[in-house]
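Colleague: give me a 3D structure for the following:
(one chain, ligands or ions: 2)
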Amino acid sequence: MECTFCKIINKELPAEIHYEDDNMIVFEDINPSAPIHLLIVPKKHIVSVNEMEEEDRDIMGEMFFVARKVAEKLGVKRSGYSLAVNVEKGGGQIVFHIHMHFLCNKKD
Ligand code: 5GP
Ligand code: ZN
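Modeller: Ligands and ions are numbered 1, 2, ... in the order given. Below is the predicted model:
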């Protein structure tokens with residue numbers, strides 16, 4: 001499959017992985033737009049928010065839960081961070097495997 005994020009999930013492409021479990025992987029964005037810029041990515045290949053099925057409803061919840069875990073691990077819970085999901089080209093999406101951006105400027 002010609003999907004960059006599936007390749008990272010399958011360890012066919014390298015990435016700086018911060019967290020991984022059965023359903024999710026978190027790695028550093030290759031072109032960071034903040035001092036801490038991570039991508040929270042479900043292992044299931046879902047193209048975008050628009051392509052989510054009924055059975056994928058829990059995935060968004062899990063993405064938020066993992067974001068909280070990562071914030072705790074990095075020590076940025078107090079200082080705060082931004083979470084963003086780009087949807088389709090017009091929404092700024094360039095990788096068509098659903099993901100959440102985790103952006104943070106400073107530590108607690
Ligand atoms: P989007 O604009 O689709 O929401 O964000 C995709 C993000 O993936 C971009 O910020 C881009 O820098 C990042 N990205 C694209 N290709 C790679 C890659 O091969 N490795 C990593 N770690 N990040 C990537
Ligand atoms: Zn994929």
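Colleague: please identify which helix or strand holds the most centrally placed residue in the chain.
Modeller: Closest residue to the average C-alpha location of the chain: Ile40 at 1.7 Å, with C-alpha atoms, centre = their mean. Assigned by DSSP states H and E, Ile40 falls within strand 36-42.
Colleague: mind listing what's buried in that strand?
Modeller: Judged by neighbour count using 16 or more other C-beta atoms under 10 Å, the buried positions of strand 36-42 are 36-42. Backbone N, C-alpha and C define where each C-beta goes, glycine included.
Colleague: what is that strand packed up against?
Modeller: Applying 3 or more C-beta pairs under 8 Å, 6 or more residues apart in numbering; DSSP states H and E, one finds that strand 36-42 makes contact with helix 4-9, strand 24-28, helix 57-74, strand 100-104.
Colleague: what about stretch 42-60 and ligand 2, touching?
Modeller: Yes: shown here: stretch 42-60 in contact with ligand 2 (C-beta under 5 Å from the ion) through His45.
Colleague: buried residues, that stretch. List them.
Modeller: The neighbour-count check on stretch 42-60 (16+ other C-beta under 10 Å) flags 42-44, 46, 48, 52, 59 as buried.
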